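Asks: Need a 3D model of the following:
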Amino acid sequence: MATNRSILIVEDENDLAEVLCYHLEREGYTCRRARDGNAALAEVQRHLPDLILLDRMLPALSGDEVATRLKRDPRTAAIPVIMLTAKAEETDELVGFALGADDYVRKPFSTKLLLARIAAVLRREQVAQAEHQVLSDGEVVLDRTRHEVTVGGSPVALTTTEFRILAALMAAAGRVLSRAQLIDAALGHGVAVTIRTMDVHIAGLRKKLGTAAACVQTIRGVGYAFRLPSADGSKG
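Replies: A predicted model of the protein is given here:
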């Protein structure tokens, strides 16, 4: 039985939402509900769920748009999403996965099947999280569980914000993150700070990383990336 796992049900059919909530709570999950896309996004910002059951056909803002916005936001991008839909075409299912859905369940569905799908997605997510608790690239090792960073085996004392920035950059595996994305990852969604503030944090992070400072690279006009310098000493 599930314990302390929260699920957000985004469904405009009230009867179906009530049935889902009833069965999920019997399994030990905590449920929250939203009846349209805008309400779903607001609820996610108030309480980050462990998983979202998302109907594609929603009033005000479609489930597809909700999924797109969730995956675009670093704070919510990792939340597993199972799409629920009456659309039965294969192309619809492919669209759902392209939008970042972790699973796709067609209506009408068996409640037992849905519960099994939810459990499977959460298990995969738990394994993935465990695998990514320690990030390592070159001489830099970041341990999320211990909140520790070492460079060449020597510990480095970072502020909480610097630690979150480094974790976001290393987790991106070489991809460029904009300053806005780093602000969301390090300080939270919607926090009002200037772009210059992030540059100051980056400068402080580089100084503390010492010999690994060059790994935090500035991509002009775009943002920052964590990449090992090439063998000739130039940036990769």
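
Asks: and T150, what are its bridge partners?
Replies: For T150, the beta-bridge assignment (DSSP bridges) gives partners V141, P155.

Asks: So L8 lies in a strand, does it not?
Replies: Yes. Secondary structure assignment (DSSP: H, G, I helix; E, B strand; the rest coil) places L8 inside a strand.

Asks: number of nearby residues for the closest residue to it other than its chain neighbours?
Replies: Taking Cβ to Cβ, 6 or more residues apart in numbering as the measure, L8 lies nearest to P49, with 4.1 Å between them; neighbours along the chain are not counted. In short, each C-beta sits where N, CA and C put it, glycine included. The number of residues packed around P49, counting by other Cβ atoms under 10 Å, is 23.

Asks: Could you do the one 4 residues further on as well?
Replies: Using other Cβ under 10 Å, the number of residues around L53 comes to 26.

Asks: from what I can see L70 touches M83, true?
Replies: No. In this structure, L70 is not within contact of M83 by Cβ atoms under 8 Å, at 11.6 Å.

Asks: With neighbour numbers in mind, choose between those two.
Replies: Comparing L70 with M83 by other Cβ under 10 Å, the one with more neighbours is M83, at 28 against 21.

Asks: The helix or strand containing that one - contacts with which helices or strands?
Replies: With elements taken from DSSP states H and E, the one containing M83 is strand 81-85. With contacts defined as 3 or more Cβ pairs under 8 Å, 6 or more residues apart in numbering; DSSP states H and E, strand 81-85 has these neighbours: strand 51-55, helix 63-72, helix 90-98, strand 103-106, helix 111-131.

Asks: Can you give me the domain assignment for this protein?
Replies: Domain assignment for the chain, taken from automatic domain parsing, gives 6-130, 134-226.
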